[in-house]
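Chemist: any chance you can model this:
(3 chains, ligands or ions: 3)
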Amino acid sequence: MAILYIDNQPHEVTSGNNLLEVCLTLGLDLPYFCWHPSLGSVGACRQCAIKVYKDENDRKGRLVMSCMEPVTNNQRISITDVEAKEFREQIIGWLMTSHPHDCAVCDEGGSCHLQDMTVMTGHAYRQFRYKKRTYKNQDLGPFINHEMNRCIQCYRCVRFYKDYAGGKDLDAFASRNNVYFGRHEDGVLESEFSGNLSEVCPTGVFTDKTLKQHYTRKWDLTMAPSICQHCSLGCNTIAGERYGSLRLIANRYHGEVNGYFICDRGRFGYEFVNSPDRVREPMLNGKVISRNDVLEEIKKSLKEAKVIGIGSPRASLQSNFALKALVGKSNFYHGVSENEHDMAELAIKILKEGPVRTPSLKEVESADAIFILGEDLTNSSPMLALAVRQAVRVQPMKDALKHTQEWNDAAARELIQDKSGPMFSATIHNTKLDDIATETYYAAPDEIARLGFAVAHRIDNAIPDVDNYPAELKKLADQIAAALKNAERPVIISGLSSESDNVMKAAANVAWALHKKNKNTGLVLTMLECNSLGLAMMGGGRLDGAFNAILHSHADTAIIMENDLYRHGSVATVDKFLKMCKQVIVLDHTPNATLKKAHVIIPAGTFAESDGTLINNEGRAQRFFQVYEATDVIQESWRWLLNMGVNAGNERMSRWKNFEDITKAISEEEELLKGVDTITPPSDYRVAGQRIPREPHRYSGRTAMTADINVSEPKPPEDPDSSLSYTMEGYRGLPPSSLIPFFWSPGWNSVQSVNKYQEKVGSSLRGGDPGLRMLEADPKNTSNYFMSVPEVFQPIADHLWMVWTHHIFGSEELSRKSSSVAQRVPQPYVMINTKEAEQMKLQEGQTFTFEVEKHIYSLPVKINKTMPNGVAALPYGLEGMPATELPAWGIVKPVGSNQSAVSSHQQSAV
Amino acid sequence: MLSKEEIKEIDEAIRLVPYKKAASIEALKVVQQHRQWVSDESLKEVASYLEMSAEDLDSVATFYNLIFRQPVGRHIILVCDSISCWVMGHEKIKEKLSERLKIDYGQTTKDGRFTLLPNPCLGTCDCAPAIMVGNDLYRNLSIDQLEGILSKYE
Amino acid sequence: MEKPLTQHLRKDTKPLSLKEYEQVGGYQSLRKVMKMTPQEVQSVVKDSNLKGRGGAGFSTGLKWSFVPMNVPKPKYLIANADEMEPGTFKDRILLEQTPHQLIEGMIIASFAIQANESFVFLRWAYKNAAKAITKAIQEAHEAGYLGKNILSSGYDLEMHLHTGVGRYMCGEETALLNSLEGKRATPRAKPPFPQISGLFGKPTIVNNVETLCCLPHIINNGAGWFKKLSLTQDSGTKIYGVSGKVKKPGAWELPMGVTLRELIEEHAGGMMDGLRFRGALPGGASTDFLVEEHLDVKMDFAGVAEAGSRLGTGTIVVLDDKTCPVGFVKNLEHFFAQESCGFCTPCREGLPWIEKILNSIEIGDGRTEDIKLLEAHTRLLGPGNTFCALAPGAMEPLQSALKYFKKDFEKHVQDKGCSYSKKSKLQFTN
Ligand SMILES: Cc1cc2nc3c(=O)[nH]c(=O)nc-3n(C[C@H](O)[C@H](O)[C@H](O)COP(=O)(O)O)c2cc1C
Ligand code: SF4
Ligand code: FES
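Modeler: Ligands and ions are numbered 1, 2, ... in the order given. All right, here's what the predicted structure looks like:
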């Protein structure tokens, strides 16, 4: 703590920070551009100038950049000093010499940091009377629009893209007043985090191209707090709607989860919501029917048939729970593959019964040693990859801090050079994190697990060692074990994407062994979908059980909710299952292969039209809110299911009137989900008698919106499920942290206003970061090690061990349907190593035919020299990818064998 | 493709620095020495040799005025346009050169013989005005010397 | 009058070979140094009161003392031979003609801070210097002055020549470091200073060529001798130069503290016939004008500072009464605007604006408020306001021109053009 005098007023502030952070934390309005709480200071823009005085008697002072000066005790500064003010105003004057003044047509207009700062500094008159400098723009691909003339050269874009996110294809070019930010030539930005440029850029140079296609001023959006639906990390987002379509996904700051950023899958994957082929009407045997008729039809089924329900890892807790309530506990199945089911249960067991807790993403960022087992994080859990990128700086930063502060970014980077802390990556093939890995190891899943066991044994010899381990791997295991033991905060990362329980067990062993020595050990397990963990925590039968129930006629009707079974079971099994059902009832919002075979289709709401709770991989329950009410019969699955229950006379369900009732029931009935109803204030929560508005008070045109149809304005919808209103009326102050629909503060129209919502700039939101961790390991738990070391992976002649590989764009079911994301999705392929390709005389792109579980597949081959021998990888979840349960052995077929097989499977799998 | 000779020279530069990227300016100089300028293609070759992205290298290349990212003539004429040469009348020299070669600053003669560029202070202010042609410095210049100087360069 | 730095230069301006250098006492001081401790070397240099000749005039010994001694290798010493300040041509003489003197100085400096690697950062245009230094480094290596176990002292030092690829910014010591690292030559924030975190994040000293060339003589003759060389407080000799419309432009090594008048009237032979002295930049483009009333100012760090300018590089650019001061300053500001690295806002955007205004005034498109704008800029681009010293340096000639030649600016505006030259149609640089 230090005392800081600002314009002669004493303030108690934290020492160690820079003056800008401190002033912003105190709620003072001090303009800035190049500083960013996550990126630190470089002192380039000179916007944050203030005066520093030597002592009380110093009247003249010295102009300094507040972002570059550490706070010292009893320091005296002035923000209001005339010279400082004049200088800050002139900074805008300079920036405006070449800025195009195109606010009226600029995507950023009205939510622009440059506009805000211009007003804040009081710069109003233009004195520059010469020609402006102009630039050519580049085509940067489907996500990001480029408008260089608006650039104010704050260098934030390259600092985020290159320095923070490890991107390689965006840079600063040329010099003097001709500096240019872009790519070397036109082309798609390669980074998986490129979308953040639209928030990092303080003006309209880098903007969201998808928003441009249905552009809306940001103040004209109806917004709600949402949770990303596209992987298991649960990044917090803001979703914005206008005229019944979803227009924008933006980051919603969360101090523990995603901080200031989200990945491109999360930001641009939303457009499936607006897709023209959305399921919008109830259907019976291919015919549109009314809401009542469909409810009647289902009432009949529930009465007459033996009904089972299949839930979904991408549906909310509420929807899964409602389905379970409707069909009865014993008839509720988790619609995930066998392997996924087992592994999710294993994950819960490890996280709950073991002694090691799961760190949040923020905590991963501060890990000083990392061991990744079997996860290509950039593709499976992108924001975790970004966190790992920050973590490798922790160790070298310790030395750098002797000479500078962490926020003094350029200086710290210079001291750190290219050093990175210990990070070991054991994956099936090369990944985008390899550039920061101390060592990489590419191997079959069982071999990855063996390395894990070897490492774990070296930390605690209660764990069996690996027999006959080759010398170089012993050395690697020694190295990893030593680095982990030396660390203060080691983190082990594994997960579901290599679908190997051995790998996960090995990871747990390593973490548990470390825990004995170091209580700060963390273990992150990633899941496949946004609510995989939540579903697993609920209990329910395996998918096989559902198939068997129908196959053995214990049941004849299936309600399948938000689940394409073809993603979770093999084509043959699912085909057979669907064929044998007397009636298939599907609730979903987006067409898929399962839905195509449904007799009854019920239009479910997407996340944007729904309220719900998800549990991320960390065990954190997080609530997403309905952004807008769908215009037609579309409703949340849980609401449909409640209606069905009531209709069918289900007494228990009849008591649940709204979201809150059902959530309370979850909390009461599901042992692992106790307290899930407390993560947001209740729906009757009001501030000064008012709701929290989903619309900013600058929202325009409401009264005219439907005037072409009817001049009398319809009553805005009521929200029975939350304390948010669907209008611009309501409480305008700071809402509780879980209810922030958008960031705004007087004078701060851009997302920079998030400073005002934080306890301390860059830390948690006021009142604590939202969400509640439902799984907390007890450090006193004993480490019940997994004791059986997997066997050596033995390639078999003419066989390949087929495994999945994940793609950020394509592997996830919903985001890949977004038109921008669709442009980045690869074509299906099978990936093998160079040696095997040579042996089979296969060139890149040639068709390779193989058989898995009696099905023949022909796919273009992709050659990757890092693929282990005897292993082949298939891209998970791609459209047109034959669905099967992997890992499994594939039998290599001679060249020229059955090539038409694939097309028949493609048909069935969408 | 980088030539053997180029690779040898670049390797020499890499030897002096702790990591390859740090030899980027030296490598650009090597390529420019051999090819007169650094084309997009050359740039990519050098970048991949130094294990950096084209962006990373071009960011450096475009910062420096003496790395040529556009084709230049066989001989570069640098006209010192800084203060002492300005006082001593460098503008007349420049005008004469422009008139004689029919090119302005930044341009190359049609026959690819000369490129004319302005250059900050050549560090020979006591002998102003001065120009450099290729590696040769000419000081205390007067207009009537220009013809003779130009004729030395093919 | 002793001229330690230049007395042995060859008449034909060719570089002194190793042999020739050794014959006149070269590398004797190195032999001495190898028997001293680094601390002893540092304290002799500190006692000598040698101030950096690169422009800022910071005490060399003091600068060295910030280098941590007991840290693992590498540590670096760099000779700043970028000399791109317009009007400056003093280092060129030393580089081209006595490369061994520089090398000896560099070895001494390296030893004093226990650096094990050193670089000469030489500007591109100095082709002859590059040849001379390359050869000299090789000769020194062969003679055992460089490399492993120098003169059997157990001390190792490698030396390399790096030639730049343009940009004035490379002369700024932290930008120079970035450039040597193969990066864009933008400056770094200080602290941490290069002495702590310099080249590749390691302790580094950057010294000017002339500074380094003083070292062998200080070691040979002692701190007291060096102090006595000068006429004033600031010790040693200085290589002064004069350019512009004087009779005998040139450079001379003279005792620190000679007057401006002596330099211009005696050494430079006075103004060309028919011209009068109007003013001068005492130490390169980024220093304030001195005018007639300052002719008797002593040309050392303190003397010039007292007169409201800076000694800078000590190379004087003279403005005569037939040359337009507005055009003069415009030329300078064009230079600075071109050479801005583009990192910080005031410099990147402010300097081109200034250049445009000056151009307007020069071509007759000036307005009264333009002069106010220029004045505001000289204040707003002052020291501390920009990231590095380039822009504040650029303001020095402008602010003093506005002070001493204000009438000229006003007349340009009133007359809608320049009366110094009939043909004042300068290109409009946009
Ligand atoms: C824009 C700029 C350009 C500079 N150019 C040079 C230069 O060419 N040569 C030089 O020795 N110092 C130059 N300097 C000064 C150096 O930053 C540094 O102070 C000097 O090399 C230190 O050496 P010294 O202590 O021996 O004087 C420049 C400074 C600035 C701000
Ligand atoms: S003052 Fe700023 S823009 Fe100018 S050279 Fe220095 S850092 Fe670069
Ligand atoms: S925010 Fe401080 S200089 Fe840019």
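Chemist: who in chain C is up against ligand 1?
Modeler: Counting by Cβ under 6 Å from any ligand atom, chain C comes close to ligand 1 at C:52-56, C:58, C:60, C:63, C:80, C:82-85, C:168-169, C:171-173, C:206-208, C:211, C:388-390. Quick note: C-beta positions are derived from backbone N, CA and C, even for glycine.
Chemist: any of the residues you listed buried? List them.
Modeler: Applying 16 or more other Cβ atoms under 10 Å in any protein chain shown to these, the neighbour count classes C:52-55, C:60, C:63, C:80, C:82-85, C:168-169, C:171-173, C:206-208, C:211, C:388, C:390 as buried.
Chemist: quick revisit: tell me which of the residues of chain C next to ligand 1 fall in helices.
Modeler: Counting by DSSP state H, the part of the residues of chain C next to ligand 1 found in helices is C:60, C:63, C:173, C:211, C:390.
Chemist: would you list the residues you listed in JSON lines and tack on pLDDT and distance to residue A:709?
Modeler: Formatted as JSON lines, these follow (pLDDT from 0 to 100; distance: Cβ to Cβ, whole Å):
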{"residue": "C:60", "pLDDT": "98", "distance to residue A:709": "82"}
{"residue": "C:63", "pLDDT": "98", "distance to residue A:709": "78"}
{"residue": "C:173", "pLDDT": "97", "distance to residue A:709": "70"}
{"residue": "C:211", "pLDDT": "98", "distance to residue A:709": "82"}
{"residue": "C:390", "pLDDT": "98", "distance to residue A:709": "63"}
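Chemist: ok, so of these, who is nearest chain A?
Modeler: Ranked by distance to chain A (Cβ to the nearest Cβ), these are led by residue C:390 at 10.8 Å.
Chemist: the closest one and residue C:340 touch, don't they?
Modeler: Yes - with contact defined as Cβ atoms under 8 Å, residue C:390 counts as touching residue C:340 (6.5 Å).
Chemist: which residue sits closest to the residue nearest to the spatial centre of chain A, ignoring its sequence neighbours?
Modeler: The centroid of chain A falls nearest to residue A:235 when counting by Cα atoms, centre = their mean (4.3 Å). Of all residues not flanking residue A:235 in the chain, residue A:258 sits nearest, at 3.8 Å (Cβ to Cβ, 6 or more residues apart in numbering or on different chains).
Chemist: now, which of the buried ones among the residues of chain C next to ligand 1 lie close to chain B?
Modeler: C:83, C:84, C:85, C:168 (Cβ under 8 Å from any Cβ of the partner chain).
Chemist: any idea which of these is closest to chain A?
Modeler: Distances from chain A to those, taken by Cβ to the nearest Cβ, are shortest for residue C:168, at 10.7 Å.
Chemist: is it true that residue A:851 lies in a strand?
Modeler: Yes - assessed by DSSP: H, G, I helix; E, B strand; the rest coil, residue A:851 belongs to a strand.
Chemist: what is it paired to in the beta sheet?
Modeler: residue A:856, residue A:891 (DSSP bridges).
Chemist: might you report the residue contacts of it?
Modeler: A:857, A:890, A:891, A:893 (Cβ atoms under 8 Å, 6 or more residues apart in numbering or on different chains).
Chemist: look up which helix or strand residue A:387 falls in, please.
Modeler: Residue A:387 belongs to helix A:382-391 when assigned by DSSP states H and E.
Chemist: residue A:521 touches residue A:493, doesn't it?
Modeler: No - Residue A:521 is beyond contact range of residue A:493, at 12.0 Å (criterion: Cβ under 8 Å).
Chemist: okay, now residue C:4: neighbour count?
Modeler: The local packing of residue C:4 (other Cβ atoms under 10 Å in any protein chain shown) involves 21 other residues.
Chemist: doesn't residue A:833 make contact with residue A:869?
Modeler: Yes - Residue A:869 is within contact range of residue A:833, at 6.3 Å (criterion: Cβ under 8 Å).
Chemist: those two: who's more crowded?
Modeler: Ranked by neighbour count (other Cβ under 10 Å), residue A:869 and residue A:833 place residue A:833 first, with 22 against 14.
Chemist: and that one, how far is that from residue C:105?
Modeler: Separation of residue A:833 from residue C:105 (Cβ to Cβ, to the nearest Å) stands at 58 Å.
Chemist: mind showing which ranges of the stretch 151-300 of chain A have poor pLDDT?
Modeler: Under the criterion pLDDT under 70, no range of the stretch 151-300 of chain A is flagged.
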